[in-house]
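Enquirer: here is my input, please return the structure:
(one chain, ligands or ions: 1)
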Amino acid sequence: MSAAHGANPLRDAADRRLPRIAGPSGLVIFGVTGDLSRKKLMPAVYDLANRGLLPPGFSLVGFARREWQDEDFAQEVYEAVKQHSRTPFREEVWQQLIQGMRFVQGDFDDDEAFEQLKTTVEELDKAQGTGGNFAFYLSVPPKFFPKVVQQLKKHGLADQKDGSWRRAVIEKPFGHDLASAKELNEVVHEVFPPHEVFRIDHYLGKETVQNILALRFANTLFEPIWNRSYVDHVQITMAEDIGIGGRAGYYDGIGAARDVIQNHLLQLLALTAMEEPASFDADALAAEKTKVLGAVKLPRDLGASTVRGQYAAGWQGGEKAVGYLQEDGIDPQSKTDTYAAVKLEIDNRRWAGVPFYLRTGKRLGRRVTEIAVVFQRAPHSPFDHTATEELGRNAIVIRVQPDEGVTVRFGSKVPGTQMEIRDVSMDFAYGESFTESSPEAYERLILDVLLGDSNLFPRVEEVELSWKILDPIERFWDEHGKPAQYQSGTWGPVEADEMLARDGRSWRRP
Ligand code: BG6
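Expert: Got it, this is the predicted structure:
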């Protein structure tokens, strides 16, 4: 940006320290009665307002079938904020926010409702000074995406007039395979230009995920060893202790790999493995992520390098948990995976021969997401075997959540008269190094949408390449048997342990 405007390094340095505040704008949420909206989107809007990052006339419009008046909608938002917002409740912030709250009742086929939405948006422009700038957040089941964007077009809601902007924000899953993702992209791009389409992958909004780039490219310490000469393998884990809760309708038939490997875990892989971008701008970042995703290769034997599982009954946190097939709304014959582990390779000079193991699952031992870069053993050890044979490998672990930070693990001498060596770790914890708490991913992402900053949103190419990686795995699974069962509260099916054991490795137990 600075180069284009004739850079003044001093001014630019100062600018970067100023908070990024959204200009006049509003947000329309489709699917406003859903879980995501209540737990994440509404609280994030409030938190942004509370932090002073929204414009004074910011407007929030809910669109849903529910027979609500504006006041009912405001009450819903109020309860969501009270329950789920990150920052303390402040009456004056709330009073300002409700000035711009409106509700439009209708379903997605209802032309009158979309006309009403248009009128509402125009009225808000006048009353609240939103300047014609609106983002439309599609927090709806994917089968409705095409309908909603077509309705926006039909009713002129996607038109950008007099320098104003109109943007589409699309929740995942973006398709269920490559073909459907391509179709969806075509439909969306017929209505919104590519730079006005923001595909959500909320993992990219997490501070710890953005920190992968800081860790790698703001330091000299890590990058020289971040390659096949030193790295033995990489493990990316996203473990959840929860089951599918009330999401049977969404989850059954989708499964763990489509739900989170296609997006979150492949994005984590891309950030971990990509080359340094020329700058931190959206194009440069996307170029590197696209390159590395394009270099991902599946091992030939998918039977030996992928595992899927389904949780059976068990104990979790001292409570009895039912199996997946006994959950409400699940087909008792369902073959949906609630656990998935895959081994990927990256066909480039930096990573040739280094496996990337990705795993995710519901109802596992505990909630944790981490990226562990595990190093080769020292080529030679001058120490007595008996003293060092228990030694693990050196590792750098990026702890994405819940205990955000970075751990470096290495061997150290045990105090005493002998040369005994044990693994120890050195920790960086966000909570100790910084006083401010990390914003929620959705705060950052909603703000970026309003600012038109697309750094943290996957591009079409990334989404399509990710499906290209996953499609053959899903096909293979469809054709071969059923998922392995694992007991709730454990670390997944034994087949996943065997998969790594065959390579002479084992999963970390975070
Ligand atoms: C969502 C998945 O994208 O991520 C859910 O659809 C999953 O199944 C959730 O539970 C986990 O998000 P987080 O931020 O709690 O790790």
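Enquirer: helix or strand: which one has Trp68?
Expert: Under DSSP states H and E, no helix or strand contains Trp68.
Enquirer: check what pLDDT it gets.
Expert: The pLDDT attached to Trp68 in the predicted structure is 96.
Enquirer: and the stretch 151-300 of the chain, which of its residues are near the ligand?
Expert: The stretch 151-300 of the chain has residues Glu240, Asp259, Val260 near the ligand, with proximity defined as C-beta under 6 Å from any ligand atom. (Glycine included, C-beta is placed from N, CA and C.)
Enquirer: the residue nearest to Leu271 when sequence neighbours are not counted: how many residues sit nearby?
Expert: On the basis of C-beta to C-beta, 6 or more residues apart in numbering, the spatially nearest residue to Leu271 that is not a chain neighbour turns out to be Ile212, at 4.5 Å. By the measure other C-beta atoms under 10 Å, the count of residues near Ile212 is 20.
Enquirer: which residues sit in contact with Ile212?
Expert: Shown here is Ile212, whose contacts under the criterion C-beta atoms under 8 Å, 6 or more residues apart in numbering are Leu268, Leu271, Thr272, Ile371, Ile398.
Enquirer: got a winner among those for most neighbours?
Expert: With neighbours taken as other C-beta under 10 Å, the top of the contacts of Ile212 is Leu268, carrying 29 neighbours.
Enquirer: tally of neighbours for the residue in the stretch 251-400 of the chain positioned nearest to the ligand?
Expert: Nearest to the ligand in the stretch 251-400 of the chain, going by C-beta to the nearest ligand atom, is Asp259, at a distance of 4.8 Å. Number of residues near Asp259 (other C-beta under 10 Å) recorded here: 22.
Enquirer: just the pLDDT for it.
Expert: Asp259 is given a pLDDT of 96.
Enquirer: begin at 28, not 1, for the rest of this chat.
Expert: That works, and once the first residue is 28, the last one we named lands at Asp286.
Enquirer: quick revisit: let's test this: mean pLDDT of the one helix or strand the residue nearest to Leu298 maps to, rounded?
Expert: Taking DSSP H and E as the definition, one finds Ile239 inside helix 234-244. Confidence over helix 234-244, taken as the mean pLDDT, stands at 96.
Enquirer: what does stretch 475-483 give?
Expert: Summarised as a single mean, pLDDT over stretch 475-483 is 97.
Enquirer: buried stuff in that stretch?
Expert: Asp475, Val476, Leu477, Gly479, Asp480, Ser481, Leu483 (16 or more other C-beta atoms under 10 Å).
Enquirer: from those, which is closest to Leu329?
Expert: Of all the buried residues of stretch 475-483, Leu329 sits closest to Leu483, with 31.6 Å by C-beta to C-beta.
Enquirer: residues of this structure that sit close to the ligand?
Expert: Along the chain, the residues adjacent to the ligand under the rule C-beta under 6 Å from any ligand atom are Glu267, Asp286, Val287, Thr396.
Enquirer: chain center to the host helix or strand of Phe225, what's the gap?
Expert: With secondary structure defined by DSSP H and E, Phe225 is part of strand 224-226. Offset of strand 224-226 from its chain centre (C-alpha atoms, centre = their mean, to the nearest Å): 13 Å.
Enquirer: what packs against that strand?
Expert: strand 193-197, helix 468-478 (3 or more C-beta pairs under 8 Å, 6 or more residues apart in numbering; DSSP states H and E).
Enquirer: 7 Å - rerun?
Expert: Judged by 3 or more C-beta pairs under 7 Å, 6 or more residues apart in numbering; DSSP states H and E, strand 224-226 is in contact with strand 193-197.
Enquirer: for the closest residue in space to Thr317 that isn't next to it in sequence, give me phi and psi.
Expert: Spatial nearest neighbour of Thr317, chain neighbours left out: Glu488 (4.7 Å); criterion: C-beta to C-beta, 6+ apart. Reported as degrees, to the nearest 10, the phi and psi values for Glu488 are phi -60, psi -40.
Enquirer: and for Glu488, the neighbour number?
Expert: For Glu488, the count of nearby residues is 16 (other C-beta under 10 Å).
Enquirer: repeat for the one 3 residues further on
Expert: Summarising burial for Glu491: neighbours were counted as other C-beta under 10 Å, giving 19.
Enquirer: stretch 162-175: how far from the chain's middle?
Expert: Put simply, stretch 162-175 sits 18 Å off its chain's centre (C-alpha atoms, centre = their mean).
Enquirer: now do stretch 287-302: distance to the chain's middle.
Expert: A distance of 10 Å separates the centroid of the chain from that of stretch 287-302, by C-alpha atoms, centre = their mean.
Enquirer: list the buried residues in it.
Expert: Judged by neighbour count using 16+ other C-beta under 10 Å, the buried positions of stretch 287-302 are 287-301.
Enquirer: please apply the same query to stretch 261-278.
Expert: Within stretch 261-278, the residues that count as buried by 16+ other C-beta under 10 Å are Val261, Gln262, Ile263, Thr264, Met265, Ala266, Glu267, Asp268, Gly270, Ile271, Ala275, Tyr278.
Enquirer: ok, stretch 360-377 next?
Expert: Along stretch 360-377, the positions that meet the burial threshold by neighbour count (16+ other C-beta under 10 Å) are 361, 363-373, 375, 377.
Enquirer: which residues in the stretch 228-377 of the chain form helices?
Expert: If DSSP state H, counting those that start in this stretch is used as the criterion, the helices of the stretch 228-377 of the chain fall at 234-244, 275-278, 282-283, 293-300, 309-321, 329-332.
Enquirer: oh sorry, the question was meant for the stretch 28-177 of the chain
Expert: Applying DSSP H, counting those that start in this stretch to the stretch 28-177 of the chain gives helices spanning 36-44, 62-63, 69-77, 97-111, 118-125, 138-155, 172-181.
Enquirer: now tabulate the ones you listed in CSV and tack on mean neighbour count.
Expert: Formatted as CSV, the entries for the helices of the stretch 28-177 of the chain read as follows, by neighbours: other C-beta atoms under 10 Å:
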stretch, mean neighbour count
helix 36-44, 10
helix 62-63, 16
helix 69-77, 24
helix 97-111, 17
helix 118-125, 14
helix 138-155, 16
helix 172-181, 19
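Enquirer: lowest average pLDDT across those helices?
Expert: Ranked by mean pLDDT, the helices of the stretch 28-177 of the chain end with helix 36-44 in last place, scoring a mean of 48.
Enquirer: where are the low-confidence patches of this protein?
Expert: 28-45, 412-417 (pLDDT under 70).
Enquirer: how near is the residue minimising distance to the centre of it to Ile263?
Expert: Nearest to the mean C-alpha position of the chain, counting by C-alpha atoms, centre = their mean, stands Tyr230 at 2.3 Å. Using C-beta to C-beta, to the nearest Å, one gets 11 Å for the distance from Tyr230 to Ile263.
Enquirer: can you check Ile448 too?
Expert: Ile448 sits 28 Å away from Ile263, going by C-beta to C-beta.
Enquirer: try Ser439
Expert: Counting by C-beta to C-beta, the gap from Ser439 to Ile263 is 26 Å.
Enquirer: what does Glu346 give?
Expert: Distance check for Glu346 against Ile263: by C-beta to C-beta, it reads 29 Å.
Enquirer: same check, this time on Glu234
Expert: If you measure Glu234 against Ile263 using C-beta to C-beta, the figure is 18 Å.
Enquirer: now Arg471
Expert: With C-beta to C-beta as the criterion, Arg471 and Ile263 are 21 Å apart.
Enquirer: so Glu397 makes contact with Val427?
Expert: Yes. Under the contact definition of C-beta atoms under 7 Å, Glu397 touches Val427, with a separation of 5.9 Å.
Enquirer: so which of the buried residues of stretch 261-278 are in strands?
Expert: Filtering those for membership in strands, criterion DSSP state E, returns Val261, Gln262, Ile263, Thr264, Met265, Ala266.
Enquirer: quick one on the thing from earlier: report the two of the buried residues of stretch 261-278 separated the most.
Expert: Maximum pairwise distance in the buried residues of stretch 261-278, criterion C-beta to C-beta, is 33.0 Å, between Val261 and Ala275.
Enquirer: so what's the residue in the stretch 78-227 of the chain positioned nearest to the ligand up against?
Expert: Using C-beta to the nearest ligand atom, the closest approach of the stretch 78-227 of the chain to the ligand is made by Lys199 at 6.1 Å. Lys199 makes contact with Ile227, Asp228, Asn290 under the criterion C-beta atoms under 7 Å, 6 or more residues apart in numbering.
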